[in-house]
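A.B. asks: below are the sequence and a predicted model for it; my questions follow.
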Amino acid sequence: MAPLSLAQDSSNSVKPTEGATKEQAKAGRFLHEVIRTSPPHQNALLQALRGQRHLPNWVRNMVATPFYVSSASVAVTIDGVMMEAFGACLAGDCANSHLRVLFQPDGKFASMRIVDAKMGEIIVGTPSPQALAELARPGL
């Protein structure tokens, strides 16, 4: 039997597939550092945000201009798949504009939930109910 790896279909849903060795999600890292040092994470985030309308400016520009603060990431299991969850918020205005984002262990984007006082709730990607529950978890 072949080892398990992660793949993303056209609906952005994460599905286990056979192939390469299953990678473990990391934890204790900060979003701005991961985006700066990991091309897969950076490219995945840029791709996910590209074409999205109605995003807070700090989210739209978070790769180029990190005007946010973040908490240390946590490893979570979503639908049987290990992922890394990050929380971030607009510096100086966390109560009014914050997000949580999930990445697969190989750096591929899974989904994001943005909550902004002016723009409301914005979901990027197609999270499963379990992923959406993790994205809606309180705090960073």
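C.D. replies: Structure received.
A.B. asks: average pLDDT for stretch 67-79, rounded please.
C.D. replies: Per-residue pLDDT values over stretch 67-79 give a mean of 95.
A.B. asks: just the buried residues of the biggest strand by length in the chain, please?
C.D. replies: Determined from DSSP state E, the single longest strand within the chain is strand 81-90. Buried positions in strand 81-90, judged by neighbour count with 16 or more other Cβ atoms under 10 Å: 81-90. Bear in mind the C-beta positions are built from the backbone N, C-alpha and C, glycine included.
A.B. asks: mind listing what the residue nearest to the spatial centre of the chain touches?
C.D. replies: Geometric centre of the chain, nearest residue: Val101, 2.5 Å, by Cα atoms, centre = their mean. Residues in contact with Val101, defined by Cβ atoms under 8 Å, 6 or more residues apart in numbering, are 31, 45, 85-86, 88, 109-113, 135.
A.B. asks: gap between the helix or strand where it lies and the chain center?
C.D. replies: According to DSSP states H and E, Val101 maps onto strand 97-103. Remark: strand 97-103 is offset 6 Å from the chain centroid, using Cα atoms, centre = their mean, to the nearest Å.
A.B. asks: same deal with stretch 94-108?
C.D. replies: So, by Cα atoms, centre = their mean, the centroid of stretch 94-108 is 3 Å from its chain's centroid.
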